[in-house]
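S.K.: generate a structure from the sequence data that follows.
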Amino acid sequence: MSDSKKRICYFYPHASTFILRDLDLLAADYQVTPYEFAVGVKLKLPLEFIKQFFFILFKTSNSFYVCHFAGYASLLPVLLGRLLGKKVFVIVAGNDGSRFMDFRYGNFTKGLLGWATQTSLRFATHILPVAQGLVYQDYRYYPGGAPAQGFHYFAPKTKQVPYTVIPYGFNTEQFCLGEQMQRPENSFITIGNLKDPYCYFRKGFDLILELAKRNPTWYFTIIGWEPNGQVVPANVELVPFSPIAVVIKYLQKHRFYFQLSVMEGFPNALGEAMACGCVPIGSNVSGIPELIGDTGLILGEKNVVYLERSIEHLIQQDFQAASLKARRRIENNFLPQHRFEKMQIVFEKYSC
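M.R.: The predicted structure is shown next:
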């Protein structure tokens, strides 16, 4: 590794796929030191802060900081970074721009975490949200999120901090079309998360199961979710959490992908599905409409009747043309190099 490369300390709370992708992207031009701040056990937070404090003091010379997610993991890098004269960039990616009190989703539903989030954003050098909707969005999709979402709404003092929206990018070589002709008509797929206790509601699976009951000749697949007392219709296939190669094969065998979330950041699964040629059906929430554009269906209100009527129109369209259009949108706007180039422009602006 060349010593001439500029140095980044990259802080994050857990090693998600999109975070590992960022680390790989930045390693091409920067010397990157990752630091995972474990937040799983709240009783261990003081110890994590102590460990991070000494890491910052003794292991981050000649570096600037990037924090993926605002919250506990970003608090000390931002505050100590200011004292040490460091440039600190904070990536806002979902729950750090959200508040849904009725099912306790989002950093701003929790007092101390909400304070750590807004403090991190207020004193950051530059904020890098993955979607404009995480900055501010008039919210109408689900009543529990009204009237607005976004860190400018929950933490108004962050309006003084410059920001640049930089979406995630998707690997269109790995996520590819496959055999287009093998996709059954009226086939729908979505992906869940067993680790998310509110996955059923937040991801809109309740809406999907209701839609399946109303349309027994349509075929639905849900990957990575297990029912917890919910009744699953016979036309819904449940697939356990699977390796990415298996997931890609499933995406390549379905025509439509659901992202009917009550809240999201910039959903990776949706972008990957579009790269695989799935026509997107999503809620008008945060980064979902930014990602879909004019390539599919955007549901303005959580209502199964509206959804059903819109899909009835959508399935009458030329699938092959719509599928290619969805993939081209990813190829033209949301590749990994697009994200890297935009990040690099921001970093260089501050001579990092």
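S.K.: now the strands for this structure?
M.R.: 6-12, 30-36, 63-68, 88-91, 126-127, 137-138, 148-149, 187-191, 219-223, 236-239, 256-259, 279-283, 297-299 (DSSP state E).
S.K.: any stretches of the stretch 251-352 of the chain with poor pLDDT?
M.R.: Filtered on pLDDT under 70, the stretch 251-352 of the chain yields the residue ranges 352.
S.K.: outline the domain layout of this protein.
M.R.: Domain ranges of the chain: 6-169+335-349, 180-333, per automatic domain parsing.
S.K.: can I get these in a markdown table including mean neighbour count?
M.R.: Quick note: C-beta positions are derived from backbone N, CA and C, even for glycine. As requested, the domains of the chain are exported to a markdown table (neighbours: other Cβ atoms under 10 Å):
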| stretch | mean neighbour count |
| --- | --- |
| domain 6-169+335-349 | 19 |
| domain 180-333 | 19 |
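S.K.: quick one on the thing from earlier: out of the strands of the chain, the one nearest Phe319 is which?
M.R.: Closest to Phe319 of the strands of the chain, according to Cβ to Cβ: strand 279-283, at 6.9 Å.
S.K.: can you give the strand pairings for that closest one, parallel or anti for each?
M.R.: strand 256-259 (parallel), strand 297-299 (parallel) (DSSP bridges).
S.K.: if we can go back for a sec, between the strands of the chain, which one is nearest to Asn332?
M.R.: Per Cβ to Cβ, nearest to Asn332 of the strands of the chain: strand 279-283, 15.1 Å.
S.K.: residues contacting that closest one, please?
M.R.: 141, 188, 204, 255-262, 264, 270, 273-274, 288-289, 291-292, 295-299, 302, 307, 310-311, 314, 319, 322-323, 326 (Cβ atoms under 8 Å, 6 or more residues apart in numbering).
S.K.: which helix or strand in this structure has the lowest average pLDDT?
M.R.: The helix or strand of the chain with the poorest confidence is helix 199-202; it has a mean of 89 (mean pLDDT, DSSP states H and E).
S.K.: other SSEs contacting that one?
M.R.: Under the contact definition 3 or more Cβ pairs under 8 Å, 6 or more residues apart in numbering; DSSP states H and E, helix 199-202 sits against no other helix or strand.
S.K.: who touches it?
M.R.: Residues outside helix 199-202 that contact it (Cβ under 8 Å, 6+ apart): 100, 103, 105, 192-193, 196, 205-206, 225, 227-228, 230, 261-263.
S.K.: now intersect the residues you listed with the helices, please.
M.R.: Secondary structure from DSSP state H places Phe205, Asp206 of the contacts of helix 199-202 in helices.
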